[in-house]
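Participant: 3D model of this:
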Amino acid sequence: MERELLVVHQQQGKWQTEAHLVGMQPTCVAVDPLRPERVYCGTFGRGLWRSSDAGRNWEPIGDAGATTKPWNGEGITEPHLTSVAVSLTERSGGYGVVYAGTEPTAVYRSEDGGNTWWELKELRELPSAPTWSFPPRPYTSHARWITPDLGVAGRLFVAVEAGALIRSQDSGKHWEDRKPDGPFDTHTLLMHPQVPNRLYSAAGDGFMNQGRGYNESYDGGETWQRPNEGLQHHYLWGVAVDPANPDTIVVSAASSPAQAHDAQGNAHSFIYRKTSGQGWHRVTQGLPDAQGTVVPNLTSNSDEPGVYYALSNKGCYRSANAGESWEPLPLPWKSDYEHQHQQALAISNV
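Facilitator: Down below sits the predicted model:
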């Protein structure tokens, strides 16, 4: 959530929640696919944290000033973490290689499970970098999303909010600038293991230019298509893909950034679903009323074909029929959560 990290697990058939990193404004979370008990959480102002027991205990990492252990590497010099991801195809010491993004825009890499970090500095030298700007804080920008390729080791995509979707073919040593026809304001970027080179982008581009909210590439980001037919709300935030079917997709959407993100009662957001050869259609069964619902974070779980999860200020919801209908998880939900903007959602298959 906005003010704490909520760790959810089942115990004796009942759902339990634990609050961690209270008051630290968690912004992003990622699970190591090679070691699912290893979880990383970034905060806005308090740096990066790591759990080695599926979220039960946490320790600060990345900042040399946050540990008394001998330090190597440059460390993460910015305390405002905005994205974190763990590679499935790049491995070192039994862990997936970790990437972390910050505000101002920078990306860091760790090859030892988060103990030491180096900045991938050429990213800041791209020709488009001076134009990157985050509208609520136009003097800066941030690495909103990091996507390590699921099949090509060393290929990496970074979505800058706002201004670029960039790519590296060599683990971040060198970078290719944004494509002229690519999305400029990607909020979530996914791949699917069954379709190499396919990218799914939920973007804010549609707010200013309808028809550009949802973007797909079939050639690793070289060119883009925009199958937006049926979408009535064009500011997109989350996207999730069925682990069993790369053509069954759900997105979360709103009419504008204000209607997407206002957690004080003025949010108005929706979930849409798409299948192969069909346009988008809005799904409502089992979901909370659109009015007052902050635009949800979405995810799927590789161990659960046909299952999606959606997290909003109204609760956490699950679909067991590929997004056609939903039901709330029976979690203890504080009334205060309804006035917070949830930030991230991840699943650990421990």
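
Participant: C-alpha only now, for contacts and for neighbours.
Facilitator: OK.

Participant: show me where the stretch 201-350 of the chain has its helices.
Facilitator: For the stretch 201-350 of the chain, applying DSSP state H, counting those that start in this stretch gives helices covering 257-261.

Participant: which parts of it are strands?
Facilitator: 214-217, 235-242, 245-254, 269-274, 281-283, 297-300, 308-312, 315-319, 327-328 (DSSP state E, counting those that start in this stretch).

Participant: could I get these as TSV with mean neighbour count?
Facilitator: Shown next, in TSV, are the strands of the stretch 201-350 of the chain (neighbours: other CA atoms under 10 Å):
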stretch	mean neighbour count
strand 214-217	22
strand 235-242	28
strand 245-254	23
strand 269-274	24
strand 281-283	17
strand 297-300	24
strand 308-312	25
strand 315-319	21
strand 327-328	16
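
Participant: quickly list what residue 102 is bridged to.
Facilitator: residue 81, residue 106 (DSSP bridges).

Participant: burial measure for it, as a count.
Facilitator: 26 (other CA atoms under 10 Å).

Participant: re earlier: redo the strands of the stretch 201-350 of the chain as JSON lines? Include distance to residue 6 and mean pLDDT.
Facilitator: Shown next, in JSON lines, are the strands of the stretch 201-350 of the chain (distance: least, CA to CA, whole Å; pLDDT from 0 to 100):
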{"stretch": "strand 214-217", "distance to residue 6": "29", "mean pLDDT": "98"}
{"stretch": "strand 235-242", "distance to residue 6": "19", "mean pLDDT": "98"}
{"stretch": "strand 245-254", "distance to residue 6": "21", "mean pLDDT": "98"}
{"stretch": "strand 269-274", "distance to residue 6": "22", "mean pLDDT": "98"}
{"stretch": "strand 281-283", "distance to residue 6": "26", "mean pLDDT": "98"}
{"stretch": "strand 297-300", "distance to residue 6": "14", "mean pLDDT": "98"}
{"stretch": "strand 308-312", "distance to residue 6": "11", "mean pLDDT": "98"}
{"stretch": "strand 315-319", "distance to residue 6": "11", "mean pLDDT": "97"}
{"stretch": "strand 327-328", "distance to residue 6": "16", "mean pLDDT": "98"}
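
Participant: against residue 28, how distant is residue 242?
Facilitator: 22 Å (CA to CA, to the nearest Å).

Participant: need the contact list for residue 312.
Facilitator: 293, 294, 295, 296, 297, 341, 342 (CA atoms under 8 Å, 6 or more residues apart in numbering).

Participant: kindly reformat those as a markdown table containing distance to residue 175.
Facilitator: Converted to a markdown table, the contacts of residue 312 look like this (distance: CA to CA, whole Å):
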| residue | distance to residue 175 |
| --- | --- |
| 293 | 37 |
| 294 | 34 |
| 295 | 31 |
| 296 | 31 |
| 297 | 28 |
| 341 | 32 |
| 342 | 31 |
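
Participant: report pLDDT for the nearest residue to residue 325 once chain neighbours are set aside.
Facilitator: Leaving aside its chain neighbours, residue 325 sits nearest to residue 285 (5.0 Å; criterion: CA to CA, 6 or more residues apart in numbering). Per-residue confidence at residue 285 stands at 98 (pLDDT).

Participant: can you report phi and psi for residue 285?
Facilitator: Backbone dihedrals for residue 285, given as degrees, to the nearest 10, come out at phi -60, psi 120.

Participant: can you count the residues close to it?
Facilitator: 13.

Participant: and it, how far from residue 318?
Facilitator: According to CA to CA, residue 285 stands 11 Å off from residue 318.

Participant: go on, residue 239?
Facilitator: On the measure of CA to CA, residue 239 and residue 318 end up 14 Å apart.
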